[in-house]
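> After the sequence you'll find the predicted model.
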Amino acid sequence: MTTLSHAPAEPGDHAKPTGAAALRRWLMEGLPESAGKRQGPHGRPDPGHKPHSWWRVMCLTGLDYFSTLGYQPAIAALAAGVLAPLATIVLVLVTLFGALPVYKRVARESPHGAGSIAMLERLLPRWWGKLFVLALLGFAATDFMITITLSAADASAHVIENPFAPDFLHGQNVAITLALVAALAAVFLRGFKEAIGIAVVLVAVFLALNLVVIAVALVHAAGSPQLTTNWWTALTTQHGNPVMVVAVALLVFPRLALGLSGFETGVAVMPQIRGRLSDTEDRPEGRIRGAHHLLTTAALIMSSFLITSSLVTTILIPAAEFQPGGTANGRALAYLAHRLLGEGFGTVYDASTIAILWFAGASAMAGLLNLVPRYLPRFGMAPEWAGAVRPLVLVFTVVAVIITLAFKASVDAQGGAYATGVLVLITSAAVAVTLSARRKRERGKTIGFGAVSVAFVYTTVANSIERPDGLKIAALFIAGIVGVSFLSRMRRAFELRATYIRMDEAAMNFVAAVDEGAIRIISHDPKTGDAAAYRHKLEHAATVSDIRDPRDVLFLEVIVDDSSDFETALEIRGVSRHGFKILQVHGSNVPNTIAAVLLHVRDATGVIPHIYFRWTEGNPIANLLKFLFFGEGEIAPVTREVLREAEPELPRRPWVHVG
């Protein structure tokens with residue numbers, strides 16, 4: 001097995017670094033970590049980590065999902081007015097009969113925390129699949145980034161509107177939001193660890209307080225029938241036709257899509273769920289069953305809270321208070337907590353809401369730290385520093401600051417962008433399970449999931465047209481990700497890309513049978529496999545390079561499967577064809593694969609191999625582009641460059657001959 005070598009230690013490496021060197025070492029700490037073991041609640045657990053019961057992991061999901069109760073009722077009332085409860089019922093129906101079945105299917109087909117994006121990556125291979133994944137990463141980044149900024153903005157609203165808050169904090173929403181974002185970054189720069197125990201406490205306290213507030217509000221509404229009558233009168237006056245009521249509720253539903261925010265997180269945390277002893281890596285049935293319990297229970301709890309909270313806030317709170325600048329804007333349930341249960345209880349409610357909203361930002365940051373390294377390095381589309389936690393934290397923090405300043409820490413203004421990210425991810429999940437069902441010829445499920453996909457496509461398009469901010473932010477993320485990805489891919493073009501290399505018995509016999517002195521290998525295009533092509537290639541190499549005994553020459557053929565892949569495992573097979581000995585290997589590109597094979601042959605035999613090429617015909621720039629995108633093109637000079645970077649010692653470097 002060939003392993004990538006590391007540079008030897010320089011004198012003084014073990015001395016305590018100072019200045020810029022110390023800063024760089026601190027920033028790049030943890031770089032060798034694999035993306036699947038990234039810090040934070042969304043990553044796969046450490047080898048020594050013990051998984052948890054599904055209900056405890058549900059609280060981890062709840063940091064994102066349940067925390068939306070802090071602002072969802074106010075957004076619903078502002079968007080739909082007196083129709084908010086009916087629009088919320090539409091949201092609940094979509095949740096229970098659309099999103100929930102979709103994500104239960106995602107949990108079954110992607111049980112290792114990669115979610116629906118991994119399903120689409122498998123269903124859409126090659127470059128189109130990679131580009132589609134990069135676009136989805138842009139929308140996922142929008143979802144997670146807006147989770148951080150919107151949650152912090154809503155937390156700042158709860159701080160300012162608390163009656164015990166100092167006067168100098170009023171009007172300082174942006175400053176408080178930036179302080180919360182900075183505190184979040186400081187936690188991750190120091191090193192964020194999983195905190196399921198904290199999540200359980202925060203979610204339990206938050207839901208208990210919300211239950212008390214909603215129960216008291218329902219009793220108050222029942223004891224004041226005039227308020228309910230006023231709401232019903234306003235509803236029937238403004239929307240007298242029941243059919244039109246339903247139609248309008250469907251039209252405003254896209255504005256309420258924030259209430260669907262927890263499903264992608266629910267499948268992302270699956271590796272944390274304790275399965276059965278009989279679970280295997282390929283079939284973790286216990287973990288999948290636990291994920292189904294998690295998704296169903298979370299959806300039922302959230303649906304109950306959404307309907308009841310929307311009902312009581314719409315009935316009990318004057319419409320003017322939901323407007324920007326109103327005391328219920330972005331904090332409808334907190335408004336009721338203070339009005340119905342006193343300032344002391346209201347302050348406790350505020351503290352709980354601020355804590356869970358801030359921790360929801362931590363959950364989103366951890367999700368980003370797992371999502372980016374999970375895909376981009378594997379695609380060869382990330383610079384070296386993207387494998388370390390702290391540089392990514394700094395990048396995401398700068399982006400969060402820009403978003404906060406652009407939206408002036410407004411919860412309402414960010415709602416459209418947040419909804420766009422959430423809806424695109426759910427739509428992609430619906431499309432993924434539809435394609436999966438179609439591929440497995442499950443006709444009924446294909447029709448059902450297809451209908452759900454159409455509904456989510458409509459919702460996404462409607463939200464994007466009405467509130468294009470999310471689409472603009474996602475477009476910026478996508479452009480940035482694609483731009484950085486392709487620049488990184490070009491910069492890393494000359495790296496060895498083999499995850500491991502193995503030769504079968506026939507291939508080992510071929511290289512072992514070569515006479516002492518040198519192993520001579522001719523690069524050959526596998527598309528021309530007739531005897532005359534091999535004979536002509538051998539005669540040309542013998543003439544140009546003065547090969548004395550052609551019988552000892554081996555041919556090397558690289559079959560390019562998917563040129564969009566970056567890292568691949570190489571299996572070298574020994575094949576006899578037309579009396580010639582051929583080393584055949586499948587890879588994602590020709591030059592890097594040849595270089596990896598040559599180094600492996602050198603290490604396996606102790607003999608420096610020689611490789612023989614003919615110059616590639618055609619325009620050099622066109623050939624370079626063919627290499628970057630199709631794995632072929634300018635093979636000889638690229639192979640030599642890959643070898644030069646991989647083996648700095650010239651006497652140990654395989655020889656490259658071109659004629």
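Okay, I see it.

> strands paired with the lengthiest strand in the chain, and their directions?
The strand that spans the most residues within the chain, counting by DSSP state E, is strand 568-577. Strand pairing for strand 568-577, using DSSP bridges, gives strand 498-503 (parallel), strand 580-587 (antiparallel).

> Which residue ranges of the stretch 201-350 of the chain form helices?
Here the stretch 201-350 of the chain has its helices, by DSSP state H, counting those that start in this stretch, at 225-238, 242-252, 263-268, 285-316, 332-375.

> Surely V656 is in a helix?
No - counting by DSSP: H, G, I helix; E, B strand; the rest coil, V656 is not part of a helix but strand.

> How confident is the prediction for it, by pLDDT?
In this model, V656 is scored at 87, pLDDT.

> right, and the helix or strand after the lowest-mean-pLDDT helix or strand in the chain?
The weakest-scoring helix or strand in the chain, judged by mean pLDDT, DSSP states H and E, is helix 620-630 (a mean of 65). Downstream of helix 620-630, the next assigned helix or strand under DSSP states H and E is helix 635-646.

> V372 reaches L137, doesn't it?
Yes - counting by CB atoms under 8 Å, V372 does reach L137; the two are 7.3 Å apart. Where you see a C-beta, it was placed from the backbone N, CA and C, and this is true even at glycine.

> Where does the spatially closest residue to F580 that is not a sequence neighbour sit: helix, strand or coil?
The shortest distance from F580 to any non-neighbouring residue, by CB to CB, 6 or more residues apart in numbering, is to Y534 (4.8 Å). When classified by three-state DSSP, Y534 comes out as helix.

> Mind telling me what element I447 is part of?
Going by DSSP H and E, I447 is part of helix 443-466.

> For the helix or strand in which L178 is found, give the mean pLDDT please.
In the assignment (DSSP H and E), L178 maps to helix 173-190. Helix 173-190 shows a mean pLDDT of 87.

> contact partners of it?
Residues external to helix 173-190 that are found in contact with it (CB atoms under 8 Å, 6 or more residues apart in numbering): 39-40, 148-149, 152-153, 155-157, 159-160, 169, 358, 361-362, 365-366, 369, 389-390, 393-394, 396-397, 400-401, 404-405, 408-410.

> quick one, that helix and helix 332-375 angle?
In terms of direction (axes from the mean of the first three to the mean of the last three CA atoms, to 10 degrees), helix 173-190 departs from helix 332-375 by 40 degrees.

> Make JSON lines out of the helices of the stretch 201-350 of the chain and add distance to T616.
Listed next are those as JSON lines, based on distance: least, CB to CB, whole Å:
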{"stretch": "helix 225-238", "distance to T616": "72"}
{"stretch": "helix 242-252", "distance to T616": "59"}
{"stretch": "helix 263-268", "distance to T616": "45"}
{"stretch": "helix 285-316", "distance to T616": "50"}
{"stretch": "helix 332-375", "distance to T616": "32"}
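
> now, of the ones you listed, which is deepest in the fold?
Ranked by mean neighbour count under mean count of other CB atoms under 10 Å, those are led by helix 263-268, which reaches a mean of 27.

> From the opening residue of stretch 230-245 to its closing one, how far?
Start-to-end span of stretch 230-245 (CA to CA, to the nearest Å) is 17 Å.

> Identify the residues contacting the closest residue in space to H220 that isn't next to it in sequence.
The shortest distance from H220 to any residue other than its chain neighbours is 6.0 Å, reached at L340 (CB to CB, 6+ apart). Counting by CB under 8 Å, 6+ apart, L340 touches 213, 216-217, 220.

> what about 10 Å?
If you count contacts by CB atoms under 10 Å, 6 or more residues apart in numbering, L340 has them with 212-213, 216-217, 219-220, 312, 316, 346.

> Find residues that contact each of V372 and L137.
Common neighbours of V372 and L137 (CB under 10 Å, 6+ apart) are I481.

> ok, back up a step: and the helices of the stretch 201-350 of the chain, which one is worst for confidence?
Per-segment mean pLDDT for the helices of the stretch 201-350 of the chain reaches its minimum on helix 242-252, at a mean of 72.

> Now do that helix: which elements does it pack against?
Judged by 3 or more CB pairs under 10 Å, 6 or more residues apart in numbering; DSSP states H and E, the packing partners of helix 242-252 are helix 72-80, helix 84-94, helix 225-238, helix 443-466.
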